[in-house]
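>>> generate coordinates for the sequence data below:
(one chain, ligands or ions: 1)
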Amino acid sequence: MTAHSTYEPKTGIERWLDTRLPIVRLGVEMLDFPTPKNLNYWWTFGGILTFCLLTQIVTGVVLAMHYQAGGASAFLSVEQGIMRDVNYGWLIRGIHANGASMFFIAVYIHMFRGMYYGSYKAPRELLWLLGCVIYLLMMATAFMGYVLPWGQMSFWGAKVITNLLGAFPIIGKPITTLLWGGFAVDDPTLNRFFSLHYLLPFLIAAVVALHIWALHVPGNNNPTGVEVQTKADTVPFHPYYTVKDGFAIALFLILFSVFIFYEPDALGHADNFIAANPLVTPAHIVPEWYFLPFYAILRAIPDKLSGVIAMFGAIAMLFILPWLNTSKVKSMRYRPTMRVYFLIFLAVCLVLGWCGAQLPDDPVIPGVHTFTLVDSDLNSYVWLSRISTLYYFAYFLLITPMLGLRETPLPVPDSISKPVLSGEAAKKD
Ligand code: HEM
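Next comes the predicted model:
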């Protein structure tokens, strides 16, 4: 928070409150917060994410009023009850189900923004780590939410993913049994998933509060990666960024509405319109799009335990990233070589996502089934996943530490005001 507050309580009630719980002061300090004046639109995604979280919580609470967590009733309570009988149930569910995808689109942009501009580097490591915790919680919440409609993909997705934990020696099986509430995915599993799916968003909200607190100690990073030096480098958060964030949220809502009103099922899977049936395995079990890159990493490795370790390892890379980056320059705006590797990394994540969606026996090129030189049982998309997985880990463990030591960055401006006033920023991005 700012060291000096501009807030002066005027009325007796305001003074009374301010000496007991200075919550109004806190609000005013946040609105006045000196924010770098050169933040671009990539910095609006924090606000967009806050909006997404609130939307998910509000619509989720309403959905829970009509949802019935039971193997025999869950599917009907959603597909018949909420989608047809409840007034505007289709809309609330449309917002919540598509909202999950919108939330992930926003979080991925937010994370890649942080990676590009080096926002995770000192003194913002803890801010980044809290973000990683939020991301983990988001994945757990989304996974459990997808199970609730108890369609075919809900059921089989839950089965495949929970079974992965069983790969760990000794602890694997007891954890799976605990998670299932028995010896198979069944009613008790659905009940505990519902309970946790309701709980976790509030935990996320609490970690977001810490995240924003940790942001207000060092203040925002900015596209130059040069820290704020004088007041001239900043503007108050309100009205400058309240307006900018508001405008970005309005644009985001247009995309969101396109999905809700025109393509409400585009991001879902057709099999989830069929009630869960433990006796019929779907032809192709795929997770939601936002898990696909990790699913590809899991399937790239033939050994189950190694695959699971690689999948969790891929997420663990994010946690250690602040200590892998050896560069003295934060922003990739001044790191042309690193920028190329970063763009390849971005492409590799997309390729992994695409690979994760392929059928195990899909050929990449129709008619060309196998990459016979190496392994006649595997098709070429498996090899694409393997090469991409290698790059994914190399980016974190080799490229990021080594390039930071070897590269010659471009000259970094002395202060934020300099490139803004001379118009350099526009030329360099
Ligand atoms: C519910 C999810 C999240 C919410 C509501 C949220 C919220 C915010 C807000 C409001 C800001 C300030 C505005 C901005 O820089 O965009 C911010 C900054 C930041 N967030 Fe998040 N965040 C979330 C998830 C994450 C995740 C998953 C990560 C990384 C793994 C992350 C890393 C960061 C970093 C590094 C900054 C500082 C950016 C800078 O100043 O350059 N956040 N976040």
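>>> nearest to the ligand: which residue in the stretch 301-429 of the chain?
Here the stretch 301-429 of the chain gets closest to the ligand at one residue, Leu318, 5.8 Å apart by Cβ to the nearest ligand atom. For the C-beta atoms, the positions are set from N, CA and C on the backbone; glycine is no exception.
>>> for that residue, give me its contacts.
Applying Cβ atoms under 8 Å, 6 or more residues apart in numbering, we find Leu318 in contact with 111, 132, 135.
>>> mind doing that once more with 6 Å?
Neighbouring residues of Leu318 by Cβ atoms under 6 Å, 6 or more residues apart in numbering: Cys132.
>>> list the buried residues of the helix or strand hosting it.
Secondary structure from DSSP states H and E places Leu318 in helix 304-324. Residues of helix 304-324 classed as buried by neighbour count (16 or more other Cβ atoms under 10 Å): 307-311, 313-314, 317-318, 321-322, 324.
>>> can you pull the pLDDT of the residue of the stretch 301-429 of the chain closest to the ligand?
pLDDT, Leu318: 98.
>>> and it, how far from Tyr135?
To Tyr135, Leu318 is 7 Å away according to Cβ to Cβ, to the nearest Å.
>>> likewise Ala69?
Separation of Ala69 from Tyr135 (Cβ to Cβ) stands at 26 Å.
>>> residues from the stretch 51-200 of the chain in reach of the ligand?
Applying Cβ under 6 Å from any ligand atom, one finds that the stretch 51-200 of the chain approaches the ligand through 53, 107, 110-111, 114, 117, 119-120, 124, 127-128, 131-132, 134-135.
>>> and the furthest pair within those?
Largest separation among these by Cβ to Cβ: Leu53 and Tyr117, giving 22.5 Å.
>>> how far is the longest helix anywhere in the chain from where the chain is centred?
Assignment by DSSP state H gives helix 187-216 as the longest helix of the chain. With Cα atoms, centre = their mean, to the nearest Å as the basis, helix 187-216 stands 14 Å off its chain's centre.
>>> ok, now stretch 168-176?
For stretch 168-176, the distance to the chain centre is 27 Å (Cα atoms, centre = their mean).
>>> average pLDDT for stretch 125-132?
Per-residue scores along stretch 125-132 average to 98.
>>> same question for stretch 382-400.
96.
>>> that one close to the ligand?
No - for stretch 382-400, no contact with the ligand is found by Cβ under 6 Å from any ligand atom; the gap never falls below 13.4 Å.
>>> what's the helix or strand for the closest residue to the ligand within the stretch 51-200 of the chain?
In the stretch 51-200 of the chain, no residue comes nearer to the ligand than Gly131, which is 2.2 Å away by Cβ to the nearest ligand atom. Element membership for Gly131 (DSSP H and E) is helix 125-147.
>>> which is the next helix or strand following that helix?
With DSSP H and E, the next secondary element past helix 125-147 is helix 152-165.
>>> could you give me the buried positions within that next one?
Neighbour-count burial for helix 152-165 flags 152-162, 164-165 (criterion: 16+ other Cβ under 10 Å).
>>> can you tell me which residues in the stretch 301-429 of the chain are near the ligand?
Counting by Cβ under 6 Å from any ligand atom, the stretch 301-429 of the chain comes close to the ligand at Leu318.
>>> residue ranges with poor pLDDT in the stretch 301-429 of the chain?
The stretch 301-429 of the chain contains residues with pLDDT under 70 at 360-379, 419-429.
>>> helices along that one, start to end?
304-324, 336-356, 380-394, 400-406, 417-422, 424-428 (DSSP state H, counting those that start in this stretch).
>>> chain center to the third one, what's the gap?
Yep, that's helix 380-394 we're talking about. Taking Cα atoms, centre = their mean, one finds helix 380-394 lying 22 Å from the centre of the chain it belongs to.
>>> in it, what counts as buried?
Using 16+ other Cβ under 10 Å as the burial criterion, the residues of helix 380-394 that qualify are 380-386, 388-389, 391-392.
>>> can you list contacts of that helix?
Residues beyond helix 380-394 that count as contacts (Cβ under 6 Å, 6+ apart) turn out to be 296-297, 300, 348, 351-352, 355, 358, 364, 371.
>>> now the angle from that helix to helix 336-356?
140 degrees (axes from the mean of the first three to the mean of the last three Cα atoms, to 10 degrees).
>>> walk me through the domains of the chain.
As assigned by automatic domain parsing, the chain contains the domains 36-229+236-281, 288-325+336-408.
>>> can I get these in TSV with distance to Ile23?
TSV is the format used below for the domains of the chain (distance: least, Cβ to Cβ, whole Å):
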stretch	distance to Ile23
domain 36-229+236-281	13
domain 288-325+336-408	32
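>>> Leu21 is nearest to which of those?
Of all the domains of the chain, domain 36-229+236-281 sits nearest to Leu21, with 15.9 Å by Cβ to Cβ.
>>> pretty sure Ala250 belongs to a strand, no?
No - read with DSSP: H, G, I helix; E, B strand; the rest coil, Ala250 is helix and lies in no strand.
>>> next one: it from Ile212, what distance?
To Ile212, Ala250 is 22 Å away according to Cβ to Cβ.
>>> and Gly356, by the same measure?
Gly356 sits at a distance of 32 Å from Ile212 (criterion: Cβ to Cβ).
>>> many thanks, have a good one.
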